[in-house]
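K.L.:
sequence first, then the predicted structure:
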Amino acid sequence: MRKTGLVVLTLALGVFGIITTEMGVVGVLPRISEELGIAPATAGWLVGVFALVVAATGPFTTLLASRVPRKTVLVTALGVFAVSNAVYALTDRFEVMFAFRIVPAVFHPVFFSVALTAATRLVPAQKATRAATTVFAGVTVGFAFGVPLTSYLAEHLGLAAAFWFGAGVNLLALLGVLALFPSMPSDQRLSYGAQLTILRRPRLWLAVLAVVSVFAAMFSVYGYFAEYLEQVTRLSGSQVGAALMAFGIVMVAGNLLFGRMLERDPVRTVTAFPVLYVIVYAAVYAVGPWTVPMALGVLFWGAVHSGGLVVSQHWLARDAQDAPEFGNSLFISFSNLGITLGSAVGGLVVSSLGTHRLPWAGAAFALVALAAVLLRRRLGPGTPPRRPGAATAAATGHPEPAAR
């Protein structure tokens, strides 16, 4: 059991490295623009192209990789991320850096899907949610520490140092997987067609709608976090940086809290999450102009925000248990679609209604997510998965739970 725990932590480290690679660029875009001699708007494509490629390719690449041994998939993905970071550190050409943002983005959903599924298969069924939560902790720690540390290294040691840090983290995770991850062959019994049949389920698409809406609710406001605190709360740049750090730290605790709640009562937890987010945004809107109340609001916001990752993944996974990796790839793809949608709508709100009204957009998306969850619950658990899906569920030790 101790070795299993180390394997799960190693997968979380891999997730941390991947998130640091994906999002760390956000904090160093001005340096990239300066050192590569390109316009800031052009440098911004290094962020946008990553999310677009993940959203567009996730299910297909995961499906193609479903017949490859799990250890091979994980090692290959981490190797690609390590090499990509090394290229960022060495190149002075935007075209090269842009290409090596596309390549790892193709492997991003594959790693996440396999890591999440492997983590839940390696532990007893009653600890599956906790294992998934631990893997997701790599995301929250990446936001809390990986992104700020990347920015700090770029500022004090140079842009190359920041990218070598990302390469080192991914390489360390790769070595951990090589040393600790057990031989876990792909499930040859599950054909491509059998995996695709989950797309015929109306309840799956309601879960997808919930995922898109939850992430749109999260990032329609979080994407303009600094803008809101500067324009509405009137914080300085250094104060905003401190608030971002506090937000990320509280996210770690919130991630663990929601994981425990899902273990105890998953359906009620999923149903309550959009309601909590509406309350969060009502509070953020009400106390936004006042510094001290808003500081407390940021902590409340961060704790709830982190729950969106594990809650929405759990909800979608319920309807994809007979094709878990393909289902996880749908989660990665549609969550990125939600991020894109939320960011776009948030931008429209800022330009047309003003920054202070941003929480309205987040609350509206949260209400759409609540409606999708309630409609999904009305459909019930659905029919039991047919073989070979049933064989897969039995092999993983996670039979489909009944919906309430």
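P.N.:
Looks like it arrived, so ask away. Numbers count the residues shown, from 1 in each chain.
K.L.:
all strands of the stretch 1-150 of the chain, in order?
P.N.:
Applying DSSP state E, counting those that start in this stretch to the stretch 1-150 of the chain gives no strands.
K.L.:
where does it dip in pLDDT?
P.N.:
For the stretch 1-150 of the chain, applying pLDDT under 70 flags the ranges 1-2, 27, 40-41.
K.L.:
which residues in the stretch 101-250 of the chain form helices?
P.N.:
With DSSP state H, counting those that start in this stretch as the criterion, the stretch 101-250 of the chain has helices at 128-141, 147-156, 159-180, 192-196, 202-222, 225-231, 237-264.
K.L.:
would you agree residue 167 is in contact with residue 86?
P.N.:
Yes. With contact defined as C-beta atoms under 8 Å, residue 167 reaches residue 86; the gap is 4.8 Å. Using the backbone N, CA and C atoms, a C-beta is placed for each residue, glycine as well.
K.L.:
what's near enough to touch residue 16?
P.N.:
Residue 16 sits next to 138, 139, 141, 142, 146, 169, 173 when contact means C-beta atoms under 8 Å, 6 or more residues apart in numbering.
K.L.:
at 10 Å what do you get?
P.N.:
Each residue near residue 16 by C-beta atoms under 10 Å, 6 or more residues apart in numbering is listed here: 135, 137-146, 169-170, 172-173.
K.L.:
from residue 291, how far out is residue 231?
P.N.:
According to C-beta to C-beta, to the nearest Å, residue 231 and residue 291 sit 13 Å apart.
K.L.:
which one of these two has more residues nearby?
P.N.:
For residue 231 and residue 291, the more surrounded residue by other C-beta atoms under 10 Å is residue 231, and the numbers stand at 16 against 12.
K.L.:
list the residues that contact that one.
P.N.:
With C-beta under 10 Å, 6+ apart, residue 231 has these contacts: 224, 288, 350, 354, 355, 356, 358.
K.L.:
does the third one count as helix, strand or coil?
P.N.:
Going back to what we said before, that points to residue 350. helix (DSSP: H, G, I helix; E, B strand; the rest coil).
K.L.:
and it, how many neighbours?
P.N.:
The local packing of residue 350 (other C-beta under 10 Å) involves 19 other residues.
K.L.:
that one and residue 18, how far apart?
P.N.:
In terms of C-beta to C-beta, residue 350 sits 29 Å off from residue 18.
K.L.:
got it, and the second one?
P.N.:
When C-beta to C-beta is the yardstick, residue 288 and residue 18 sit 33 Å from each other.
K.L.:
neighbour count for those two, which is higher?
P.N.:
For residue 288 versus residue 18, neighbours defined as other C-beta under 10 Å are more numerous around residue 18 (28 against 21).
K.L.:
OK, contacts around that one?
P.N.:
Contacts here follow C-beta under 10 Å, 6+ apart; on that basis residue 18 touches 77-78, 80-81, 104, 107-108, 111-112, 115, 138-139, 142, 146, 166, 169-170, 173.
K.L.:
repeat the analysis, applying 7 Å as the threshold.
P.N.:
Residues in contact with residue 18 (C-beta atoms under 7 Å, 6 or more residues apart in numbering) are 81, 108, 111.
K.L.:
out of those residues, who's nearest residue 99?
P.N.:
Nearest to residue 99 among these is residue 81, at 14.4 Å by C-beta to C-beta.
K.L.:
find the nearest non-adjacent residue to that closest one, please.
P.N.:
residue 170 (4.3 Å; C-beta to C-beta, 6 or more residues apart in numbering).
K.L.:
ok, the one you found - how many residues close by?
P.N.:
A total of 28 residues lie near residue 170 under the criterion other C-beta under 10 Å.
K.L.:
quick one: it and residue 107, what's the gap?
P.N.:
Residue 170 is 11 Å from residue 107, where distance means C-beta to C-beta.
K.L.:
kindly report the same for residue 225.
P.N.:
Distance from residue 225 to residue 107, counting by C-beta to C-beta: 28 Å.
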